[in-house]
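In: coordinates only, sequence not included:
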């Protein structure tokens, strides 16, 4: 029997990120494709989660997450992001930052509404908006510094625009939006009565510029949904603990939607993040120094093999360009590199609204333990 599937899923395909991870495992390669972040998690997080499991803290939580975690998140937002958020009404805990974004889209978007984003972009954002039947308009980020045109951004705004999405630091470019750029976005939001949604999951991975939260700018807390989480910062991508901060009416709707979709984020793993959020500032400084060294090692290796790396300001991804004619396209390049030296990367055209903009680029992830990254670089040096 042939089953007719919903039209909304007809154009959705498995991403190259997943595909190349599977191929990499098959050849026992080093995976610089998927942002798994296979670092050791902090002991405090692990011990707290283990204690929660052993003490049978396994029931459903409050639909907005356990109170202790919401309170810890509120303290962190005030200290690091310069955002004041009430843990009772303006914060909700979600199944990863992806769950927060899904609930934000469901809470905000009506049929016909449009979203403005930036290209290159993270495909999950685009796929979620399109899954709901809405349109994304893109503003180009131009390498090597990933600047964008305010005129192009203004031209994307129309009477159907609902929100502007900013991912900072960005996947895949590593761009950090400057204060000047964020102030310009904020001005447009105020002028056109728009909402801003920010994905700040890489907020602690900064090398050349400070991270600034859009909601910390004047009058923006009331019109911004700030999304982030524990996955990247504490190397627990599989724990699926994210959170969102926004005005109380928005959080109330997002929490109800999250309850419908997911019930709650894993209870004992929420306990682990409570402990992690008490780590000293030195944890984040040491982490940044470690990732800066990894970034520079990978960039030097790629330069040595005649790639042009676009060295990221933040996050832990690096786009690198190869000269036309060296490979047929990005997919051919990624397959060739995996086949010849056993290192997985992702074709750059996956991240662009116009694939031709990234057809001579590859994305590498350097969120690896140093011995694994050094092995990947040794292999790449044989290209």
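Out: Thanks, I have it. Note that the coordinates shown come from a computational prediction; the quantities given were computed from them, not determined experimentally.

In: I'd guessed residue 104 sits against residue 226; true?
Out: No. With contacts counted by Cβ atoms under 8 Å, residue 104 stays clear of residue 226, the gap being 10.0 Å. C-betas here are computed from N, CA, C, even on glycine.

In: can you list residues touching both of those two?
Out: In terms of Cβ atoms under 8 Å, 6 or more residues apart in numbering, residue 104 and residue 226 are both contacted by the residues 244, 246.

In: and the next helix or strand past the lowest-mean-pLDDT helix or strand in the chain?
Out: Least confident helix or strand, the chain: helix 16-26 with a mean of 79, by mean pLDDT, DSSP states H and E. Taking DSSP states H and E as the definition, the helix or strand that follows helix 16-26 towards the C-terminus is strand 30-31.

In: that following strand pairs with which strands?
Out: strand 343-344 (parallel) (DSSP bridges).

In: rewinding a little: who's in contact with the least confident helix or strand of the chain?
Out: Applying Cβ under 8 Å, 6+ apart, the set of residues contacting helix 16-26 is 29-31, 33-36, 123, 331, 334, 338, 342, 344-347, 350.

In: just the buried members of the residues you listed?
Out: 29-31, 33-35, 123, 331, 334, 338, 342, 344-347, 350 (16 or more other Cβ atoms under 10 Å).

In: so where's this structure uncertain?
Out: Residues of the chain that meet the criterion pLDDT under 70 lie in 14.

In: surely residue 364 is within a strand?
Out: Yes. Under DSSP: H, G, I helix; E, B strand; the rest coil, residue 364 sits within a strand.

In: okay, and the beta partners of it?
Out: Beta-bridge partners recorded for residue 364 (DSSP bridges): residue 318.

In: okay but it is in contact with residue 297, surely?
Out: No. Residue 364 is beyond contact range of residue 297, at 11.2 Å (criterion: Cβ under 8 Å).

In: and residue 135, how far from residue 264?
Out: 32 Å (Cβ to Cβ, to the nearest Å).

In: tell me which stretches of the protein form strands.
Out: For the chain, the strands defined by DSSP state E occupy 30-31, 91-95, 114-119, 135-140, 161-167, 195-199, 224-229, 241-245, 308-310, 317-321, 343-344, 346-347, 361-365.

In: who touches the third one?
Out: Looking back up the chat, that one is strand 114-119. Around strand 114-119, the neighbours that count as contacts under Cβ under 8 Å, 6+ apart are 109, 125-126, 129, 134-141, 148, 153, 156-158, 160-167, 170, 351-354, 357.

In: can you turn the buried part of the residues you listed into a PyMOL selection?
Out: To isolate the buried subset of the contacts of strand 114-119 in PyMOL, counting by 16+ other Cβ under 10 Å, use the following:
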select buried, resi 109+125+126+129+134+136+137+138+139+140+141+148+153+156+157+161+162+163+164+165+166+167+170+351+352+353+357
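
In: distance from the chain centre to the lengthiest helix in the chain, please.
Out: Longest helix in the chain by number of residues (criterion: DSSP state H): helix 281-304. Centroid separation for helix 281-304 versus its chain: 18 Å, with Cα atoms, centre = their mean, to the nearest Å.

In: all set now, cheers.
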